[in-house]
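>>> Here is a sequence together with a model predicted from it:
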Amino acid sequence: MPGAIELRGVTLVRRTQEEFHYDLKRTVFDLLRGRMRAIRRRTVLDGIDATIDHGEKIGVIGANGSGKSTILKLMAGVLEPTRGTVRTQGTIAPLIELGVGFEPELTLEENIIFYGVLLGHAEALVRASVDEILDFAELSEVRDAPTKTLSSGMGARLGFAIATQWRPDILLLDEVLAVGDERFRRKCGARLDRFWDAHSTIVVVSHDMEYIKRTCRRVIWVDHGTVRFDGESAEGVERYLKSVPSGEYVRGEELIAVASRHARGEIVVRGTSPTDQGRKVFLIREGRRHWVTSPAWYEKAGYGWDDIVHVDDTAILEVPEGDVLA
Amino acid sequence: MVTTISAPPDQLRSRRLVDLVRISATRALKVRYRGTVLGILWSFANPVLMTVIYSAIFGTAFSKYYDGSVGRYVVSAFVGLVAVTFFLSSTSESLQAIVSGGSLLNKIALPPLVFPLSIVAANVFQQAVTTFPIVFVLSIVLTHDPVRVLLVPVVLAAIVMLTAGVSIALSVLFVFFRDLPHVWNIFGFILWLTSPLFYPVALVPANLRFWYALNPVGQAIAALREVAIVRGPLDLNPIVATVFAGAVALAAGAWLYRMTRREFMDLI
């Protein structure tokens, strides 16, 4: 029996962002002058192979821009591979960029019906579920209000509620666990757990390594558009964290100087020291180092892996110790 | 049941396309008429107002080309305006459709074709409850010719095909050329002037007639007038030309879409 999702030699070549602006005028002039600008392209994914079985829960990890979300979009059918094949089996609920795409002038109810049908459900089924969806999103009172009156958080809540109303065969999650406030986030988590316990196949893209390790038995580590690791999640996360993403090496006073030059006056550093066991991550703020104990802290503080500066062993010791950030 | 994203069965795919176009067209109509008092009656406003203005200014002067009847001029102008306003408003609204649908296309697997088609569908619906029935009634009242009355839907369908084909092509081209709206504005104005809307074809110099006849919208107007107003022996030429233009436009739009659609997602 084939897997729920199969990627075979998936390569994706896309136009680079600089090519976004086209116009007829320039094209006609270029034609007249006999020199068409060659289209610049970039290989975003290069020969990705993966088979995900029915009911499997898989984490996709990797640095920003490594191609994680692109893989999710290929699975969702939003993008098509340049070479290779993507096969999926069953219904898909893509939880990608929630809340984008509502029509601001229409009421919540009208948007729910529109969105539900776009997601592939029958209109009658969606109509029958409007109450439940609004109820879950805690937006029942504003049912007939134009959607433009919602805050972005409310929009994301509504998007989540619609996309998760029906149990999909395949659930694609792109960092959406940060929906709404803490309480609502827990509610979303509970709803997803239902899918998690059921037979849904789940693919989750996240920077939250603890979450990945806790919820997925298998991870795929994507690096520069290729699969660097595919296997047991604890090992994958460890290898990923050990790999040194691009960054600068600085030390001592220089570290504090770099931190104060940083837009927020802070800098995240990573390194080892003789007294600390293994690699640790610290935040340098106002000349003091704060120990970052949980990867979840990155999400909360809004830092990405690109904000990490790598230091050698002794550098961290030269900065006075501060508190612990969880 | 097995469904594969890369190659769903044709039947399922076209069924889904119809569903998507229907729901998107409904959405477009709801947005358009939200908070308007006249609602869908606005569709009348454009052709009716233009007919009034043209008739007031040119009606008497040109009446000699219309059997000396201002009434015939009025009817002729109205029928022409129905075709042209439908064509121009549908095409210029569709132009940005695929690009505007970008945020949805980037998160849900949808055929981009849905967006221009739903705008054309919304416009068809709008005219189908306002101006199109009037053309039908005119045909019954003015021609007393069952063949012409039966040909009204054929000509209207050909005009819809022509409009849909051009709309698809424009929305595809806009993905690549973002200055297209300016070009299409000018083009629309040229089309307006080179179509026999408010003047009789008899005024066009004989040496320009050949080029003049190449304007498919002009042919569509002539065809619609032929089935809705004209009496006497039926001239099939403009009708055949319009059906042909509709088929060609639709095929060309579909071809352009098919050739380029793989590139869309990199640009929207």
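Received the coordinates, thanks. Numbers count the residues shown, from 1 in each chain, chains lettered A, B, ... in the order given.
>>> Show me which residues of chain B sit near chain A.
Residues of chain B lying close to chain A by Cβ under 8 Å from any Cβ of the partner chain are B:2-6, B:16, B:19-20, B:23-24, B:27, B:30-31, B:34, B:103-110, B:176-180, B:183, B:262-263, B:265-267. From N, CA and C alone the C-beta is placed, and that goes for glycine too.
>>> so which helix or strand takes in B:S76?
Using DSSP states H and E, B:S76 maps to helix B:70-94.
>>> Determine how far that helix lies from the middle of the whole chain.
Using Cα atoms, centre = their mean, to the nearest Å, the mean C-alpha position of helix B:70-94 is found 9 Å from that of the whole chain.
>>> confidence score at the residue of the stretch 51-200 of chain B found nearest chain A?
At 3.1 Å from chain A, B:A109 is the closest residue in the stretch 51-200 of chain B, using Cβ to the nearest Cβ. With respect to pLDDT, B:A109 scores 89.
>>> same check, this time on B:G68
Looking at B:G68, its pLDDT is 86.
>>> Reduced to three states, what does it come out as?
Here B:G68 is coil, with the state taken from DSSP: H, G, I helix; E, B strand; the rest coil.
>>> Buried ones among the residues of chain B next to chain A?
For those, a burial check counting by 16 or more other Cβ atoms under 10 Å in any protein chain shown picks out B:3, B:5, B:16, B:19-20, B:23-24, B:27, B:30, B:104-110, B:177-178, B:180, B:183, B:265-267.
>>> Give the closest residue to B:V183 in space, chain neighbours not counted.
Nearest residue to B:V183, sequence neighbours excluded (Cβ to Cβ, 6 or more residues apart in numbering or on different chains): A:L24, at 6.1 Å.
>>> Okay, and which of the residues of chain B next to chain A map to helices?
Members of the residues of chain B next to chain A lying in helices (criterion: DSSP state H): B:16, B:19-20, B:23-24, B:27, B:30-31, B:103-105, B:176, B:180, B:183, B:262-263, B:265-267.
>>> Tell me how many other residues surround the residue in the stretch 1-150 of chain A that chain B sits nearest to.
In the stretch 1-150 of chain A, the residue that lies nearest chain B is A:G77 (3.1 Å; Cβ to the nearest Cβ). Using other Cβ atoms under 10 Å in any protein chain shown, A:G77 has 18 other residues around it.
>>> Could you pull up phi and psi at it?
Per-residue torsions, A:G77: phi 80, psi 10 (degrees, to the nearest 10).
>>> and if you look at B:P216?
The phi/psi pair for B:P216 (degrees, to the nearest 10) reads phi -60, psi -30.
>>> Enumerate every residue touching it.
Contacts here follow Cβ atoms under 8 Å, 6 or more residues apart in numbering or on different chains; on that basis B:P216 touches B:L162, B:A241, B:T242, B:A245, B:A249.
>>> Most widely separated two among those?
B:A241 and B:A249 (12.1 Å; Cβ to Cβ).
>>> Next, count neighbours for B:A220.
Applying other Cβ under 10 Å, I find that B:A220 has 29 neighbouring residues.
>>> I meant B:Y212, not that one.
Neighbour count of B:Y212, defined by other Cβ under 10 Å: 17.
>>> Wait, it touches B:V204, no?
Yes. Taking contacts as Cβ atoms under 8 Å, B:Y212 lies within contact range of B:V204: 5.3 Å.
>>> Quick check: A:V222 is in a helix.
No. With three-state DSSP as the criterion, A:V222 is strand rather than part of a helix.
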